[in-house]
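>>> Okay, here's the prediction I keep looking at, along with the sequence it came from:
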Amino acid sequence: MPLMPTPRDPAAAPDLSATLASGRWLIWLLAVPVLALLAFLMAAQVRQQRSAAESAIERRHEERVRTLHNLARPAIDHVHDLRVRMEQVWAHPPALDAALATALRPRLLDGRPDGYTLDGAAEPLRARYGQLLWYAPDGSAPAADQLRRAQAFLEHARPAHARAAGFTASWWLPTGTAMSVGYPWFDSATSLRSLNEHALISLAAYRARGDDERRGLAEREPKRDSYWSPPYFDDASGMLTVSHAGLVRVDGQYRGEVMLDFRLDDLQTLLAGWRELPGRQWIIDERQRVLADSAQPIGPARRPDSGPTLKVALADRLPAGIEVAMVDAALRQPGVLARHDGWALIAGSAAGSPWTLVQALPVSALDAQTGPTLRPYVLIAVALLLAFVAGQLLLSRRFVQPAAQVLAYLRALQHDAAAPPPSLDARWRPWVEAVTATFRSLREAVQRERRSEALKAAITDHALVALISTDEDGRVVEFNPAAEAMFGITRAQAAGRPVGELIVPARHRAAHEAGMARMRAGGAPRVMGQLLDLQAVRADGREFPVEMRLWRTEVDGVNHYTASLADVTERRAQAEQIDRQREALRQSEKLTAMGSLLAGVAHELNNPLAIVMGRASLLEGKAGEGELAADAQRIREAADRCGRIVRTFLAMARSRPVQRAEVQLNDLVRAAVELLQYGFRSHGIDVVVELAPGLPTVHADADQLGQVVLNLLVNVQHALAGAPAPRRA
């Protein structure tokens with residue numbers, strides 16, 4: 001469709017030259033306010049861009065401050081836990097490990113004893129207990145309570161070092177005691193060299209001075225629990241280090257300190273990755289000692305008359321043009337970017353964090369960011385001038401005004417779908433109709449997409465099972481609330497990370513990665529659509545059973561994989577409980593049947609035994625005196641013993657209500673021992689019965705008490721069956 005009108009009769013056309021001449025002044029008059037408006041917009045845009053740039057710097061600064069706090073938080077928590085642990089176990093330390101006491105041996109220096117160490121401990125014991133240095137001036141060994149407290153400290157310090165990579169060493173330094181306890185293990189000679197010493201006994205005076213300083217700090221500031229040391233270069237680890245110490249108080253008395261040596265290399269690495277603009281960044285402590293410097297990394301400098309020293313004062317590291325007063329002003333307004341004499345400074349720290357981030361940026365670098373925003377306005381000014389000169393009136397009448405109405409109509413449609421269309425000539429009606437149809441279809445498409453997304457989000461977010469979706473590389477793209485609750489990982493933490501690192505146990509990750517690689521290479525998936533019983537792992541490292549079904553979805557030509565997982569821990573526990581109950585019921589039925597059988601056998605034996613006992617008594621009476629009478633007596637006694645055993649069987653197997661009567665405990669014990677005598681003899685166990693005479697009778701059910709005694713004797717038999725001879729009960 002042509003945008004220009006069709007030619008009209010020349011006679012009817014207005015005089016162009018007269019129109020241009022009469023309208024020239026109007027063209028420039030219109031151009032001047034437009035250019036002035038453009039200049040105003042340029043200035044406003046510059047201010048807006050400058051404000052946006054400063055706001056972006058402040059947001060990034062806040063994020064970095066949180067990062068610093070998160071880096072220091074494990075060290076703070078570790079020292080706090082160690083301090084609380086030592087205060088809790090001070091009065092009643094746990095039992096001493098005999099292996100630790102045995103491994104603590106004298107250290108020899110030039111053939112003479114020089115304190116006690118764990119230098120000679122075996123590797124497993126070193127990995128468990130670290131190092132213990134005892135350097136009493138009188139050469140005595142440490143007391144048991146001191147070793148037990150040291151053991152409690154080392155066992156509590158070890159798990160934290162396994163989790164935190166930045167922890168160099170944890171220390172327990174009890175006051176008034178010539179002892180230093182550290183984890184992990186280190187050679188005592190290496191530790192002494194780092195202090196320019198070679199004998200443990202020489203550390204006693206060094207420790208005494210430190211005890212006096214810490215005790216004075218504990219007395220001056222009774223509410224203070226911890227403090228941070230200045231940065232120093234640790235010769236033992238070869239790292240720039242800072243120590244965080246906690247003051248241990250028991251009943252208001254200073255008892256020593258726990259300490260953590262924390263490496264500062266991660267701080268320097270952070271600053272190296274935070275340099276978007278020219279400038280300087282420092283990480284300082286509460287006394288404005290520099291822990292990391294983006295331009296001049298902190299390194300050791302040695303003086304001939306002393307050990308390692310570090311230049312860590314912030315005033316010594318400020319570039320030209322920045323004064324300490326400017327940094328102090330920034331610290332008084334944390335998180336706010338302020339300009340001072342050509343520099344923009346911002347400083348701040350998170351609540352409870354020991355470290356503060358200070359940034360200094362040249363103002364020229366900030367202003368340079370707003371330069372590119374001026375180019376579009378210059379080009380627009382030139383275009384406007386050309387447009388005004390070339391055909392202001394024609395464009396205004398034939399294009400600008402209709403286009404403005406169409407644009408206004410577009411804007412109106414954004415807010416009101418029923419906005420009336422503008423009244424334009426036939427050349428512009430197709431555009432208006434196209435705009436109307438486009439906006440209508442676009443609005444409908446947006447509404448459909450919103451409904452679809454809302455439905456999908458409602459299904460995913462309220463699903464009872466965990467739903468996890470990954471891309472073709474196995475990185476998480478969807479992690480619903482059920483998955484967050486199941487694995488203890490938030491959606492933000494899971495997004496973009498390999499799913500194998502999040503939920504697959506370490507021993508199965510190689511197989512998981514192999515399966516993902518096979519599917520990326522085009523291989524047929526072996527587990528797609530199947531219900532699988534697997535082991536998963538939570539964020540805290542605990543494994544648990546799950547049921548999983550996996551399916552594949554193609555989006556824009558890219559494969560995505562979604563897994564639904566259900567925690568079956570409770571279901572399996574219930575199944576195991578049912579199996580145990582079923583087995584118990586089966587055993588009960590079996591015992592009931594055996595009891596019935598035993599009762600029948602015992603009853604059948606009663607009659608023959610009665611005949612044997614009667615005949616034996618008659619034979620004994622007829623024999624009179626002599627060897628035959630003794631034989632008859634033994635027959636009668638054996639038959640009598642068999643009768644008692646049979647009666648005991650009947651009492652055990654008989655199912656009857658509880659019948660309480662006066663019962664002699666000694667008789668019950670003798671009957672039970674006699675019943676189980678054969679079992680004891682077959683296992684080589686000698687039974688010695690020592691009963692207190694004259695025990696009073698007990699009002700109870702004799703069968704139930706007898707069953708209790710039998711159970712105890714059976715337990716004794718089982719316990720002694722595997723013991724070495726001689727076995728005696």
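All right, it came through fine.
>>> tell me the pLDDT at residue 83?
We have a pLDDT of 91 for residue 83.
>>> Domains in the protein, by residue range?
Using automatic domain parsing, the domain parsing of the chain gives 90-263, 463-567, 568-655, 659-729.
>>> Quickly, which of the ones you listed bottoms out on average pLDDT?
Across the domains of the chain, domain 568-655 gives the lowest mean pLDDT, at a mean of 74.
>>> correct me, but residue 435 touches residue 412?
No: applying C-beta atoms under 8 Å, one finds residue 435 not in contact with residue 412, separated by 10.6 Å. Bear in mind the C-beta positions are built from the backbone N, C-alpha and C, glycine included.
>>> Buried residues in the helix or strand in which residue 546 is found, which are they?
Using DSSP states H and E, residue 546 falls within strand 543-555. For strand 543-555, a neighbour-count test (16 or more other C-beta atoms under 10 Å) marks 546, 548-550 as buried.
>>> next one: stretch 668-680
So stretch 668-680, judged by 16+ other C-beta under 10 Å, has buried residues 668-669, 671-673, 675-676, 680.
>>> just stretch 155-173 next, same as before
155-158, 160-161, 166-173.
>>> So which residues make contact with that stretch?
With contact meaning C-beta atoms under 8 Å, 6 or more residues apart in numbering, stretch 155-173 is reached by 71, 74-75, 78, 81-82, 85-86, 128-130, 149-150, 153-154, 179-184, 186, 207, 210, 234, 236-237, 239, 241, 256-263, 266.
>>> what's downstream of the strand or helix carrying residue 707, the next helix or strand?
Assigned by DSSP H and E, residue 707 belongs to helix 702-721. Following helix 702-721 in sequence order, the next helix or strand is strand 727-728 (DSSP H and E).
>>> Direction included, what does the host helix or strand of residue 291 pair against?
Applying DSSP H and E as the criterion places residue 291 in strand 290-293. Sheet pairing for strand 290-293, assigned by DSSP bridges, gives strand 280-284 (antiparallel).
>>> Can I get the partner strand as CSV, trimmed to CA atoms?
Output of strand 280-284 as CSV, limited to C-alpha atoms (Å, rounded to 0.1, in the frame of the first residue of the first chain):
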residue,chain,number,x,y,z
ARG,A,280,40.7,-0.6,44.3
GLN,A,281,39.1,-3.0,46.8
TRP,A,282,40.1,-4.0,50.3
ILE,A,283,38.9,-6.4,52.9
ILE,A,284,39.6,-5.1,56.4
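>>> mean confidence score for that strand?
Mean per-residue pLDDT for strand 280-284: 87.
>>> How about residues contacting that strand?
Taking C-beta under 8 Å, 6+ apart as the rule, strand 280-284 contacts 68, 267, 270-271, 274-275, 290-295, 314, 317, 319, 355-360.
>>> The nearest residue to residue 282 once chain neighbours are set aside in helix, strand or coil?
Distance criterion C-beta to C-beta, 6 or more residues apart in numbering; nearest residue to residue 282, sequence neighbours excluded, is residue 358 at 4.6 Å. Under the three-state scheme (DSSP: H, G, I helix; E, B strand; the rest coil), residue 358 adopts strand.
>>> Let me know whether residue 358 touches residue 327 as I believe.
Yes: with contacts counted by C-beta under 8 Å, residue 358 reaches residue 327, the gap being 6.1 Å.
>>> shared neighbours, the two?
314, 345, 347.
>>> and the last one, that's in a helix?
No: counting by three-state DSSP, residue 347 is not found in a helix; it is strand.
>>> Now for the residue positioned nearest the centre of the chain: which residues touch it?
Per C-alpha atoms, centre = their mean, the C-alpha nearest to the average position across the chain is that of residue 540, at 5.4 Å. Contacts here follow C-beta under 8 Å, 6+ apart; on that basis residue 540 touches residue 488.
>>> tell me the most buried of the domains of the chain?
Using mean count of other C-beta atoms under 10 Å, the stretch among those with the largest mean neighbour count is domain 90-263, at a mean of 17.
>>> Now do the contacts for residue 144.
By C-beta under 8 Å, 6+ apart, the neighbours of residue 144 are 96, 101.
>>> What of the one 5 residues further on?
Contacts of residue 149 were listed using C-beta under 8 Å, 6+ apart, and they are 86, 89-90, 93, 172, 174.
>>> Residue 536: which of the residues you listed is nearest?
Among the contacts of residue 149, residue 89 lies closest to residue 536 (C-beta to C-beta), at 36.5 Å.
>>> phi, psi of residue 154?
phi -70, psi -40 (degrees, to the nearest 10).
>>> How about residue 700?
The phi/psi pair for residue 700 (degrees, to the nearest 10) reads phi -160, psi 180.
>>> before we move on, back to that, how far does the strand holding residue 291 sit from the chain's center?
What separates the centre of strand 290-293 from the centre of its chain is 28 Å, taken as C-alpha atoms, centre = their mean, to the nearest Å.
>>> partners of residue 234 in the sheet?
residue 239.
>>> surely it meets residue 241?
Yes: at 4.2 Å, residue 234 counts as touching residue 241 under the criterion of C-beta under 8 Å.
>>> Check the contact lists of those two and give me the overlap.
Contact criterion C-beta under 8 Å, 6+ apart; residues shared by residue 234 and residue 241: 168, 261.
>>> Dump the buried residues of stretch 668-680 into TSV; add distance to residue 215 as well.
Shown next, in TSV, are the buried residues of stretch 668-680 (distance: C-beta to C-beta, whole Å):
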residue	distance to residue 215
668	67
669	64
671	71
672	66
673	67
675	71
676	67
680	66
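>>> Where strands are concerned, which of those residues count?
Among the buried residues of stretch 668-680, no member is found in strands (DSSP state E).
>>> Which of the residues you listed fall in helices?
Among the buried residues of stretch 668-680, DSSP state H puts 668-669, 671-673, 675, 680 in helices.
>>> As a markdown table, those residues with distance to residue 112 would be great.
As requested, those are arranged in a markdown table below (distance: C-beta to C-beta, whole Å):
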| residue | distance to residue 112 |
| --- | --- |
| 668 | 69 |
| 669 | 65 |
| 671 | 71 |
| 672 | 66 |
| 673 | 64 |
| 675 | 69 |
| 680 | 60 |
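>>> which residue ranges form the strands in the stretch 551-700 of the chain?
558-567, 660-663, 685-686, 698-701 (DSSP state E, counting those that start in this stretch).
>>> Repeat that for the stretch 101-250 of the chain.
Going by DSSP E, counting those that start in this stretch, the stretch 101-250 of the chain shows strands at 105-109, 112-117, 131-134, 167-174, 179-183, 226-228, 232-234, 239-250.
>>> The fourth one relative to strand 239-250, how many degrees between them?
Following axes from the mean of the first three to the mean of the last three C-alpha atoms, to 10 degrees, one obtains 30 degrees for the angle between strand 167-174 and strand 239-250.
>>> Equivalent analysis for the first one, please.
For strand 105-109 against strand 239-250, the angle between stretch directions is 130 degrees (the same axes, to 10 degrees).
>>> Pull the CA coordinates from strand 105-109 and hand them back as CSV.
Taking Å, rounded to 0.1, in the frame of the first residue of the first chain, the C-alpha atoms of strand 105-109 are listed here in CSV:
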residue,chain,number,x,y,z
ARG,A,105,55.3,-40.2,74.8
PRO,A,106,58.3,-38.2,75.8
ARG,A,107,60.1,-36.1,73.2
LEU,A,108,63.8,-36.4,73.2
LEU,A,109,66.1,-33.5,72.4
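>>> Partner strands of that strand, with direction?
strand 112-117 (antiparallel).
>>> Can you name the residues in contact with the partner strand?
So strand 112-117 is contacted by 104-108, 131-136, 139, 141-142, 178, 188, 199-201 (C-beta under 8 Å, 6+ apart).
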